[in-house]
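[1] using only what follows, build the 3D model:
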Amino acid sequence: MDYYHWLEAFHVISVIMWMAGMLYLPRLYVYHATVKPGSENDSLLQIMEKRLLRFIINPAMLFSLGFGITLMVMREAYREGWFHIKALALFFMFAVHGLLARHRKNFAMGLNRKSHVYFRIVNEVVTVLIIIIIIAVIIKPFR
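    Got it, this is the predicted structure:
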């Protein structure tokens, strides 16, 4: 049985879940940035953000990383130029992930100082990183 394709399928599934969360969380922050701290909407958004990170984004990221490392080692992808582009974009995606987690804590403590425009820009950064990763994986430049 060819386990590579099963690993690849689960990698793609977990990446889709991770990216869905990475696109949705900054959108929640856009709305949250316009809400008064301590209000009912503030409490609701805090619950939504915490659950999204804890139950979807973080586990999906870990599964994506685990399946991805396994696939990389199996195919020795780390030897190819396209993979270095993907790895660099992933480095920035992990940084954005950490940044989003920190912003959740700031909202929870009532310490957010960022505007809704800032979070709209963060949302676009995630989109650009997704595009770079997909092009690197499909086109495979610098083979």
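[2] so which elements touch the longest helix seen in the chain?
    In the chain, assigned by DSSP state H, the helix with the most residues is helix 3-32. Applying 3 or more CB pairs under 8 Å, 6 or more residues apart in numbering; DSSP states H and E, one finds that helix 3-32 contacts helix 40-52, helix 58-75, helix 81-108, helix 116-139. For every residue, glycine as well, the C-beta is placed using N, CA and C.
[3] so which of those helices comes closest to residue 11?
    Of all these, it is helix 58-75 that lies closest to residue 11, at 3.6 Å by CB to CB.
[4] what's the burial count for residue 29?
    When neighbours are defined as other CB atoms under 10 Å, residue 29 has 25 of them.
[5] ditto for residue 68
    19.
[6] ok, now which ones touch it?
    Contact analysis of residue 68 by CB atoms under 8 Å, 6 or more residues apart in numbering lists 11, 15.
[7] tell me where the model's unsure across the protein.
    Along the chain, the model assigns pLDDT under 70 to residues 1.
[8] residue nearest the centroid of it?
    For the chain, the residue nearest the mean C-alpha position is residue 22 (4.0 Å; CA atoms, centre = their mean).
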